[in-house]
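> Below are the sequence and a predicted model; questions follow.
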Amino acid sequence: MKKNKKRKVYLDNTPLDEALETFFNALSEVEADTLAGETILTENAHGRITKEPVFAKVSSPHYHASAMDGIAVDSKKTQGASLRNPKILTTPQDAELVDTGSPIPHDKNAVIMIEDVDWAGRNEVEIVESVAPWQHVRTIGEDLVATELIVPAGQKLRPVDIGAILAGGVTEVTVEPKPRVAVVPTGTELVEPGERLKPGDVVEFNSRVLSGLVSQWGGKPSKEDKLPDDYDLIVETIKSLLPQNDLIIVNAGSSAGAQDYTYQAIKDMGEVISHGVAIKPGKPVILGIIDKTPVIGIPGYPVSAVLAMELFVKPLLYKWQNKSVPKQEEITAKISRRVVSSFNAQEYLRVKVGKVGDKFVATPLGRGASMIMSLVKSDGMIVIPQMREGLEKGEEIDVKLHRSKENIESTIVGIGSHDISLDILSNELSKRYPPYTLSSAHVGSMGGLMALKRGEAHMAGVHLLDPETGEYNIPHIKKYLSDQDIILVNLAYREQGLLVAKDNPKNIYGLEDLKREDVKMVNRQKGAGTRILLDYKLEELGISSEQLTGYDREEVNHLSVAAAVNGGTADCGLGIRAAAEALDLDFIPVSKERYDIAIPRDFWDWEGIQHILKVIRSEEFKHSIDELSGYDLSASGEILHC
Ligand SMILES: Nc1nc2c(c(=O)[nH]1)N[C@H]1C(S)=C(S)[C@@H](COP(=O)(O)OP(=O)(O)OC[C@H]3O[C@@H](n4cnc5c(N)ncnc54)[C@H](O)[C@@H]3O)O[C@H]1N2
Ligand code: MOO
């Protein structure tokens with residue numbers, strides 16, 4: 001039976017703290033905020049945290065043991081022995097042969113090492129020194145005495161702890177539980193990774209992400225099979241998972257769509273404590289309890305899902321394990337762009353962070369909740385409180401880091417024009433010079449120069465044609481960065497041309513064709529070198545931008561222009577040959593241009609920049625670029641302008 005009529009179209013907007021408090025209070029009321037300890041074999045307990053102290057059951061050693069290979073003796077019988085006056089002991093009565101670890105006979109109390117003994121006859125040994133009682137004997141309990149505390153509660157067990165516990169005769173320990181968490185992906189559109197994709201299919205990867213997070217936070221995930229959007233199936237599955245799980249996570253179907261059943265399913269089986277929290281992303285999170293078991297509806301969009309997990313699941317798992325949530329390292333950084341935020345929610349903004357000179361700079365990443373790459377690229381998170389309209393460019397803000405500060409200090413911040421060779425540069429750099437990494441933000445060539453001007457980048461990729469002189473980059477640097485000492489290094493010459501669909505169905509052969517009524521173009525953003533080149537070429541041809549359809553549609557890099565042509569929403573756009581190749585498009589050459597890297601002299605001697613230069617000049621880099629089409633590397637690595 002489908003329950004479309006039960007669709008909920010209204011979400012609350014509860015402040016985060018309130019939602020958390022209400023949920024945790026509700027859990028403690030049904031005693032679902034604590035878990036019993038788990039008793040496991042000691043030998044499997046590495047890394048687990050003791051819930052109870054561990055006391056030795058037996059002593060170690062539990063008998064008097066020889067510490068050396070030699071003879072066991074009664075020390076009294078060795079008294080008076082010396083070099084001048086050796087003593088003869090008979091074996092085995094007065095001197096019994098023992099190995100390291102052997103029990104000491106009850107009438108003996110010391111050991112003489114075998115190398116200090118001479119055989120005087122078949123059953124006689126000669127000793128030349130008297131020995132003290134218990135010499136070379138490990139007495140009972142020397143290491144551990146039965147009943148002694150081996151490790152206290154709350155200790156993360158290391159291999160040496162496991163050894164001591166086993167030596168103390170304790171084969172099982174009670175540890176903090178690994179909360180059992182079922183992860184149920186839902187959505188009729190979901191297909192398994194690797195399947196052939198039809199339009200509308202979505203690769204099911206969230207359950208793998210959420211399960212990974214559960215493990216990372218000490219839980220034991222069980223990834224369930226994906227379910228279609230079917231109310232009855234969702235109810236049945238939750239019901240069957242309740243007995244053997246401490247927490248059930250239902251992923252997606254949490255918001256207000258016609259196929260969103262998670263809310264209704266939880267409500268019908270138990271209680272929904274909260275639905276809709278004033279956070280962005282992650283708003284439609286559902287906090288519920290069924291039969292004393294928490295059931296959380298995590299939104300479907302990957303970024304919303306990860307954030308909702310961080311905010312609601314992580315504290316619960318840590319609480320259950322009697323641990324506090326580890327603190328994330330925090331720094332203060334300057335934000336490189338203005339960010340407008342909504343009054344409706346507390347926003348979590350993913351940022352890339354780099355240290356330029358002596359200050360940290362944070363650059364916002366894509367804000368879409370579906371963009372898992374924003375999490376992949378992210379170095380940290382900025383929280384914009386609900387009652388703030390946003391952040392002003394240059395404002396100092398706190399950033400919670402998820403990479404180490406050391407890593408961030410080894411990040412070369414490149415801001416500017418996009419070129420595929422930068423990805424190769426970045427790859428080669430990380431391979432050859434860890435921990436150095438290159439972080440590239442693509443804001444166009446002018447954006448790159450402005451970032452250098454504001455001291456927010458170590459380098460900028462630029463290809464700016466000066467329409468007056470026909471010269472690349474130098475006139476712009478002289479004009480806009482006149483007060484800065486900039487070194488320009490050539491990365492490559494590259495071909496720019498029109499990207500058109502495979503086999504050129506619209507028969508586009510040059511910029512003149514952009515005037516045709518049946519040709520729709522896509523442009524780059526203002527300040528992008530490619531746009532300046534287009535304007536320059538159009539002016540040369542006496543074509544005005546008003547004559548062109550699509551001139552005002554802007555994309556921010558070559559690949560998005562290529563994607564627009566590939567997707568059929570535009571017939572052509574100016575871009576580099578490598579972008580055409582990447583998406584299997586045809587390419588109509590228009591011009592060859594110089595793509596350089598501008599580096600402020602202040603950073604020239606910094607190891608990070610020196611590594612970049614070494615990579616640019618390396619054979620491996622040149623070889624990888626040669627495999628792309630449309631590049632000329634004859635001047636690559638040359639210094640062009642100081
Ligand atoms: N009218 C409204 N529409 C939406 C609202 C709203 O308040 N009113 N909220 C939006 C917000 S905010 C979010 S977040 C999403 C979350 O919606 P659901 O939890 O219902 O998730 P779905 O719509 O089912 O999926 C969203 C998106 O994520 C993809 N997805 C789902 N599961 C997986 C998975 N296991 N692996 C990978 N990707 C997955 C799914 O295919 C969708 O593309 O709702 C907004 N809408
Ligand atoms: O919560 Mo949604 O995650 O804002 O996109």
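Sure, I can see it. Ligands and ions are numbered 1, 2, ... in the order given.
> In stretch 601-621, which residues are buried?
Of the residues in stretch 601-621, those scored as buried under the neighbour-count criterion (16 or more other CB atoms under 10 Å) are 603-604, 608-609, 611-613, 615-616, 621. (C-beta placed from N, C-alpha, C; glycine too.)
> again but with stretch 516-533, I slipped
For stretch 516-533, the buried set under the neighbour-count rule, 16+ other CB under 10 Å, comprises 519-525, 527-533.
> Which member of these is positioned nearest ligand 1?
Ranking those by separation from ligand 1, with CB to the nearest ligand atom as the measure, puts Val522 on top at 24.8 Å.
> what residues are up against that closest one?
When the contact criterion is CB atoms under 8 Å, 6 or more residues apart in numbering, the partners of Val522 are 550, 553-555, 561, 564-565, 569-570, 572-573.
> did I read that right, Val125 in a strand?
Yes - inclusion of Val125 in a strand is indicated when DSSP: H, G, I helix; E, B strand; the rest coil is applied.
> coming back round to it: tabulate the buried residues of stretch 601-621 (a markdown table), appending pLDDT and distance to ligand 2.
Supplementary listing: those in a markdown table, determined by pLDDT from 0 to 100; distance: CB to the nearest ligand atom, whole Å:
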| residue | pLDDT | distance to ligand 2 |
| --- | --- | --- |
| Phe603 | 97 | 38 |
| Trp604 | 97 | 43 |
| Gly608 | 97 | 35 |
| Ile609 | 98 | 38 |
| His611 | 97 | 38 |
| Ile612 | 97 | 37 |
| Leu613 | 97 | 42 |
| Val615 | 97 | 38 |
| Ile616 | 96 | 40 |
| Phe621 | 94 | 39 |
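> Now tabulate these in TSV and tack on distance to Leu227 and secondary structure.
Listed next are the buried residues of stretch 601-621 as TSV, based on distance: CB to CB, whole Å; DSSP: H, G, I helix; E, B strand; the rest coil:
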residue	distance to Leu227	secondary structure
Phe603	53	helix
Trp604	58	helix
Gly608	48	helix
Ile609	52	helix
His611	49	helix
Ile612	49	helix
Leu613	54	helix
Val615	48	helix
Ile616	51	helix
Phe621	48	helix
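> shouldn't Gly80 be in contact with Val128?
No - in this structure, Gly80 sits apart from Val128 without contact. The criterion is CB atoms under 8 Å, and the distance is 11.0 Å.
> Quick one: residues contacting whichever residue of the chain sits closest to ligand 1.
Using CB to the nearest ligand atom, Gly300 is the residue of the chain that sits closest to ligand 1, at 2.5 Å. When the contact criterion is CB under 8 Å, 6+ apart, the partners of Gly300 are 187, 206, 251-255.
> Among those, which ones are in helices?
Of those, the ones assigned to helices by DSSP state H are Asn206.
> ok, back up a step: so which of the buried residues of stretch 516-533 sit within helices?
By the criterion of DSSP H, membership of the buried residues of stretch 516-533 in helices covers 529-533.
> tell me the pLDDT at the residue nearest to Val272 when sequence neighbours are not counted?
Ranked by CB to CB, 6 or more residues apart in numbering and with sequence neighbours excluded, the top spatial neighbour of Val272 is Gly288, at 4.7 Å. On the pLDDT scale, Gly288 is placed at 97.
> just the buried residues of stretch 516-533 that are near ligand 2?
Checked against ligand 2 using CB under 6 Å from any ligand atom, the buried residues of stretch 516-533 yield no neighbours at all.
> what's the farthest-apart pair in the residues you listed?
Spanning the widest gap among these are Val519 and Gly527, at 24.7 Å by CB to CB.
> So what touches the strand or helix carrying Glu96?
In the assignment (DSSP states H and E), Glu96 maps to strand 95-98. Judged by CB under 8 Å, 6+ apart, the contacts made with strand 95-98 from elsewhere in the structure are 66, 69-73, 89, 91, 104-105, 108, 111-112, 117, 125, 127.
> So which of these belong to strands?
66, 70-73, 89, 111-112, 125, 127 (DSSP state E).
> need the residues you listed in JSON lines with neighbour count, pLDDT and distance to Ala362, can you?
Compiled in JSON lines, those are given as follows (neighbours: other CB atoms under 10 Å; pLDDT from 0 to 100; distance: CB to CB, whole Å):
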{"residue": "Ser66", "neighbour count": "23", "pLDDT": "97", "distance to Ala362": "65"}
{"residue": "Gly70", "neighbour count": "25", "pLDDT": "96", "distance to Ala362": "69"}
{"residue": "Ile71", "neighbour count": "24", "pLDDT": "96", "distance to Ala362": "73"}
{"residue": "Ala72", "neighbour count": "24", "pLDDT": "97", "distance to Ala362": "72"}
{"residue": "Val73", "neighbour count": "28", "pLDDT": "97", "distance to Ala362": "75"}
{"residue": "Leu89", "neighbour count": "23", "pLDDT": "95", "distance to Ala362": "80"}
{"residue": "Val111", "neighbour count": "29", "pLDDT": "97", "distance to Ala362": "68"}
{"residue": "Ile112", "neighbour count": "26", "pLDDT": "96", "distance to Ala362": "71"}
{"residue": "Val125", "neighbour count": "24", "pLDDT": "95", "distance to Ala362": "78"}
{"residue": "Ile127", "neighbour count": "23", "pLDDT": "95", "distance to Ala362": "77"}
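> Can you tell me which of those lies closest to ligand 2?
Distances from the ones in strands among the contacts of strand 95-98 to ligand 2 were compared by CB to the nearest ligand atom; the smallest belongs to Ser66, at 68.8 Å.
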